[in-house]
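Asks: Any chance you can model this:
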Amino acid sequence: MKAMGSSRVLGLLAVVALIAQPVVRCDPGSTVIGMIGDRFALLAADTALRRGAQVLVRDSTPIAHLAPRILVAGVGDAAHTEEFTSFISRNIALIDIVAGSSTPTASAVHFTRREVSRMLRSTPLQAEFLIAGLDSETRHSGVPRPELHWIDGTGATARVKYLAVGPAASMVTAVLDDLWEKDMSIDKAKEVLAVCLQQLSKRFALVSGSW
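Replies: Coordinates of the predicted model:
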């Protein structure tokens, strides 16, 4: 009887714990496209903010500055992405002041993924991010080096040449696979982006904002 009573108490505690968990709905309504080329990194994002099929805001700002030469765009729950990117940008600004130099893109990515991983223990982020940066001239080549990194909600990261994240990612990935070129010009990248948006206008059911 005592064992049964203990199991009932544990079961009740488990139910209470489940009820106490915050209910956070991931809203992957926005789509982000990123690519790098000859001395540039490009990010484009849908400005529509949605909750399911409902468009709440058409002119949101999904792309933010982590540093003067580093951009980040988040896909997922708007509250998580905006609050988290603000937290990261303020900390990187503090690091720059203390160090007396600009944080390189790889360091900013490492700091971001570490914070994403740390939040898994308390409030997991319902979001993923693309971080694009243009570092200063390197020692060996003497030219600016563009970088593009992807970070998911668990803190996993990968350095990529191009990527699309969000609900419409599958519709533009084939375009990026076909048209992206190594060391392409900014004009060529804009042409590739225009083809991606053209495909979305034809095939994507949800109403988009501006880009």
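Asks: C-alpha from now on. contacts and neighbour counts both.
Replies: Will do.
Asks: where's the most centrally placed residue in the chain relative to Ala108, distance?
Replies: Nearest residue to the geometric centre of the chain (CA atoms, centre = their mean): Phe129, 1.3 Å. To Ala108, Phe129 is 12 Å away according to CA to CA, to the nearest Å.
Asks: cool, and Met119?
Replies: 17 Å.
Asks: More neighbours: which of those two?
Replies: Using other CA atoms under 10 Å as the criterion, Met119 and Ala108 rank with Ala108 on top: 20 against 15.
Asks: which outside residues touch the helix or strand hosting that one?
Replies: With elements taken from DSSP states H and E, the one containing Ala108 is helix 105-119. Here helix 105-119 makes contact (CA atoms under 8 Å, 6 or more residues apart in numbering) with 66, 70, 88, 92, 124-125, 131-135, 147, 149, 151, 153-157.
Asks: out of those, which are buried?
Replies: 66, 70, 88, 92, 124-125, 131-135, 147, 149, 151, 153-155, 157 (16 or more other CA atoms under 10 Å).
Asks: Which ones among those map onto strands?
Replies: Leu66, Ile70, Ile131, Ala132, Gly133, Leu134, Asp135, Glu147, His149, Ile151, Thr157 (DSSP state E).
Asks: got the contact list for the second one?
Replies: When contacts are counted by CA under 8 Å, 6+ apart, Ile70 is found next to Thr105, Ile131, Ala132, Gly133, Leu134.
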